[in-house]
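Student: No sequence on hand, only this structure:
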């Protein structure tokens, strides 16, 4: 066989091998998307189980059980600490949606949702510690991570008092939920998602019928929470494999093209990867390397806050229990994050307060690394603990 012939044969074999690999990749991607769809289905079932279990366990006494949390500081602390420990606001808000469907008062749940926004910021703050060896790099990375914290804290400072005085978010959420719900019967006969999840939820309910209500309901809640942990973990893992490359392309294309483009792209990327922590963590190395400035990255962070609301909205579509209330708290989550962007970024003197605070903290932490550690412990655990103690006195 001549060298030319051998070369042609090698090229043909290489082409055939590449074609087989391409088909395998396509097959793997299809399988991954099918897995994502199945996991989303089980996520909705899990939220339904929590709602059903909470309703079974508490009966008509749900409001009385949460009288201790009528002080909004308690709800804020619960949401913050739970999310900081779990490192997933999607998980916490999905659990909250299920609890509201089972009877948790919406007024108690609103501060919990606000707290979840604060708690989710811990992930990218921890990611920034990976740059701690290089002083300038760490200052930029820590600033990019904590701008999310300062924005969410400022949002709470503005909207929690308004909620306490006027019930602003509660009314807006109820109005939006009312578009989809008629007399607590959301689209009866047309809610295919609820019909599809009913076999799993009803089977689980029947399996605990012989147990006392408190025990049976608690088991359903526990199973639902475990399912939410598992499904969100694996959905995030699969979507990162499928979408993070594309998400990075979107991010690189959008950052620097103006705030509207940044906010929209941050929202889109977070919807694609189903995790605001992932979105914001992707930006930290870019900031640390100096590829983008903090003012360029800031709008992208705001979009991540909006995009993360998709999980709670999805979870509320087919809950077992009070769907009107479940949709209301999901829309409250969305409304709160959208209004936060409109008010804080829309008002000139508020717009760059989080940026200035983050730049100052980044520079300070770069000079003394213990400041970074004290900040993480203080904001996410110590201060919430003190607030909880203060709220118990009131």
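Tutor: Great, that's in hand. Bear in mind that the values here come from a model prediction, so they are computed numbers and not experimental data.
Student: how far does stretch 204-224 stretch from start to finish?
Tutor: 10 Å (Cα to Cα, to the nearest Å).
Student: now do stretch 121-131
Tutor: Stretch 121-131: ends 17 Å apart by Cα to Cα.
Student: Mind listing what's buried along it?
Tutor: Using 16 or more other Cβ atoms under 10 Å as the test for burial, stretch 121-131 gives 121-129, 131. The way it works is simple: take the backbone N, C-alpha and C, and place the C-beta from them, glycine included.
Student: Need the residues that contact it.
Tutor: Defining contact as Cβ atoms under 8 Å, 6 or more residues apart in numbering, one finds that stretch 121-131 is touched by 83-84, 87, 137-138, 140-142, 144-146, 148-149, 152, 277, 280-281, 283-285, 288, 372, 375-376, 380.
Student: Now the buried members of the residues you listed.
Tutor: 83-84, 137-138, 140-142, 144-146, 148-149, 152, 277, 280-281, 283-285, 288, 372, 375-376, 380.
Student: on that earlier part again, quick one: which of the buried residues of stretch 121-131 is nearest residue 44?
Tutor: Closest approach to residue 44 among the buried residues of stretch 121-131 (Cβ to Cβ): residue 123, at 24.5 Å.
Student: Quick check: closest non-adjacent residue to that closest one.
Tutor: Counting by Cβ to Cβ, 6 or more residues apart in numbering, residue 277 is the residue found nearest to residue 123 once chain neighbours are left out, at 3.8 Å.
Student: Report the separation between the one you found and residue 171.
Tutor: Residue 277 is 30 Å from residue 171, where distance means Cβ to Cβ, to the nearest Å.
Student: By mean pLDDT, flag the weakest helix or strand of this protein.
Tutor: Ranking every helix and strand in the chain by mean pLDDT, DSSP states H and E puts helix 62-65 at the bottom, with a mean of 50.
Student: quick revisit: among the contacts of stretch 121-131, which are located in helices?
Tutor: 83-84, 137-138, 140-142, 144-146, 148-149, 152, 277, 280-281, 283-285, 288, 372, 375-376 (DSSP state H).
Student: where does residue 352 fall, phi/psi-wise?
Tutor: Backbone torsions for residue 352, taken as degrees, to the nearest 10, come to phi -110, psi 10.
Student: Residue 347 now?
Tutor: According to degrees, to the nearest 10, residue 347 has phi -100, psi 120.
Student: What's the separation between it and residue 353?
Tutor: From residue 347 to residue 353 the distance is 10 Å (Cβ to Cβ).
Student: just to revisit the earlier point, the residue nearest to residue 123: what's it in contact with?
Tutor: Contact analysis of residue 277 by Cβ under 8 Å, 6+ apart lists 87-89, 120, 123-124.
Student: go again using 7 Å as the cut-off
Tutor: Listed by Cβ atoms under 7 Å, 6 or more residues apart in numbering, the contact set of residue 277 reads 87-88, 120, 123-124.
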